[in-house]
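In: next comes the sequence, and after it the predicted model I'd like to discuss.
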Amino acid sequence: MRLLFLGDMVGKAGRTAVWEQLPGLISDYRLDFVIVNGENAAGGFGITEQIFHATIEAGADVVTTGNHVWDQRDALNFAPREDRFLRPANFPKGTPGKGAGLYIARNGARVMVANIMGRVFMHPELDDPFQAGEQELAACPLGEQADAVVIDFHAEATSEKMCFAHFVDGRASLVVGTHTHQPTADHQILNGGTAYISDAGMCGDYDSSLGMDKEEPLNRFLSKVPKGRFEAANGPATLCGVGVDISDRTGLAERVAPFRRGPRLEETVPSFWA
Ligand SMILES: [Fe+2]
Ligand SMILES: [Fe+2]
């Protein structure tokens with residue numbers, strides 16, 4: 001099966017680019033399953049119910065999030081009733097919503113998606129992500145209840161992301177890092193067959209600081225005195241993510257490659273999708 005993961009949509013530029021382009025990507029590349037991280041979709045901070053629905057309508061099967069999940073308080077209300085909306089699984093017990101789900105792809109495959117947040121340099125600091133991964137994999141093992149397993153590991157430190165991927169190697173189809181908004185060039189298939197990339201990058205305006213207007217972040221580095229709010233940058237967005245072909249037989253990764261489309265970064269499409 002063929003899966004596309006798109007990194008954090010940032011602001012109006014990011015989300016509209018995803019909404020406009022995703023239907024075409026799904027038909028052009030005959031995608032079986034699409035996951036989009038939406039934690040920054042509302043002005044850079046959180047996601048609203050309306051934005052969530054529009055992303056699903058554009059063709060995303062699941063919307064994942066991260067540390068910004070509750071920035072729009074509305075998410076606390078819709079998270080519990082939206083099966084395709086995930087927040088990190090390692091929030092404390094009793095947190096609204098859920099951190100993993102099982103979904104049916106366009107080719108009929110059962111895809112387990114889990115959203116887990118790292119703890120190194122991350123706020124809030126959640127429960128042990130390794131234990132959370134273990135729990136989600138035990139509840140829905142690859143090759144038994146699931147034909148494919150994707151984990152969006154939302155974290156700052158590449159060491160934590162890499163170690164988590166080694167920890168679940170052979171038990172997941174893909175571990176994809178999110179949160180830094182900068183795509184990395186270390187996509188690979190680990191020894192046990194799990195595809196990995198440290199960060200998918202973002203869907204947003206790259207003429208920015210991580211998708212935000214660059215003026216205020218720069219000001220805070222220079223002066224330490226806030227002059228204004230962080231605002232999402234509104235120039236043309238570049239979509240960033242990763243494409244994976246997953247074996248229908250084993251659920252492990254056969255190929256992995258980055259996906260980038262837009263005016264700012266060098267464009268690339270997985271060669272095995274041609
Ligand atoms: Fe983000
Ligand atoms: Fe984040």
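Out: In hand now; what should we look at? Residues are numbered from 1 along each chain as shown. Ligands and ions are numbered 1, 2, ... in the order given.
In: from now on I want contacts and neighbour counts done on CA atoms only, so please keep to that.
Out: Will do.
In: give the contact list for the residue in the stretch 151-274 of the chain positioned nearest to ligand 2.
Out: Scanning the stretch 151-274 of the chain for the residue nearest ligand 2 gives residue 179, at 3.9 Å (criterion: Cα to the ion). Residues in contact with residue 179, defined by Cα atoms under 8 Å, 6 or more residues apart in numbering, are 8, 66, 154, 155, 156, 199, 201.
In: rerun that using 10 Å as the cut-off
Out: Contact analysis of residue 179 by Cα atoms under 10 Å, 6 or more residues apart in numbering lists 7-8, 37, 39-40, 65-68, 117-118, 122, 152-157, 198-202, 210.
In: distance check, it against residue 115.
Out: Distance of residue 179 to residue 115, computed by Cα to Cα, to the nearest Å: 12 Å.
In: shared neighbours, the two?
Out: Shared contacts of residue 179 and residue 115, counting by Cα under 10 Å, 6+ apart, come down to 37, 65, 66, 152, 153, 154.
In: circling back to that earlier point, out of the contacts of residue 179, list just those in strands.
Out: 37, 117, 152, 153, 154 (DSSP state E).
In: nearest to residue 256, of the residues you listed?
Out: Set against residue 256, the nearest of the ones in strands among the contacts of residue 179 by Cα to Cα is residue 152 (15.1 Å).
In: can you get me a residue count around the closest one?
Out: Residue 152 has 29 neighbours, counted by other Cα atoms under 10 Å.
In: try residue 139
Out: Residue 139: 12 neighbours (other Cα under 10 Å).
In: what sits against it?
Out: By Cα under 10 Å, 6+ apart, the residues touching residue 139 are 100, 133, 145, 146.
In: look up how far ligand 2 lies from it.
Out: 26 Å (Cα to the ion, to the nearest Å).
In: which of the contacts of residue 139 are buried, as a PyMOL select command?
Out: Selection of buried members from the contacts of residue 139 for PyMOL, criterion 16 or more other Cα atoms under 10 Å:
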select buried, resi 100+133+146
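In: quick check: the residue in the chain sticking out farthest from the centre vs residue 237, distance?
Out: Most distant from the centre of the chain: residue 223, at 32.9 Å, with distances by Cα atoms, centre = their mean. Using Cα to Cα, one gets 29 Å for the distance from residue 223 to residue 237.
In: ok, now residue 109?
Out: 31 Å.
In: neighbour count for the two, which is higher?
Out: It is residue 237, of residue 109 and residue 237, that has more neighbours when counted by other Cα under 10 Å, with 29 against 17.
In: what sits against that one?
Out: Here residue 237 is in contact with 9-18, 202-207, 211, 261-265 (Cα under 10 Å, 6+ apart).
In: give me the subset of the residues you listed that lies in strands.
Out: Among the contacts of residue 237, the ones falling in strands (DSSP E) are residue 261.
In: might one say that residue 109 is in contact with residue 142?
Out: No. Using Cα atoms under 10 Å as the test, residue 109 is too far from residue 142 to be in contact (11.5 Å).
In: joint contacts of these two?
Out: Taking Cα under 10 Å, 6+ apart as the contact rule, residue 109 and residue 142 both touch 148, 251.
In: just the endpoints, please. Distance across stretch 241-254?
Out: Distance across stretch 241-254, first residue to last, is 17 Å (Cα to Cα).
In: buried residues in it?
Out: 241, 242, 243, 244, 245, 246, 247, 248, 251, 252, 253, 254.
In: and those, which two are furthest apart?
Out: Pairwise over these, using Cα to Cα, the maximum falls at 241 and 248, 21.8 Å.
In: ok, back up a step: just the buried ones from the contacts of residue 237?
Out: Among these, those scoring as buried are 9-18, 202-207, 211, 261-262 (criterion: 16+ other Cα under 10 Å).
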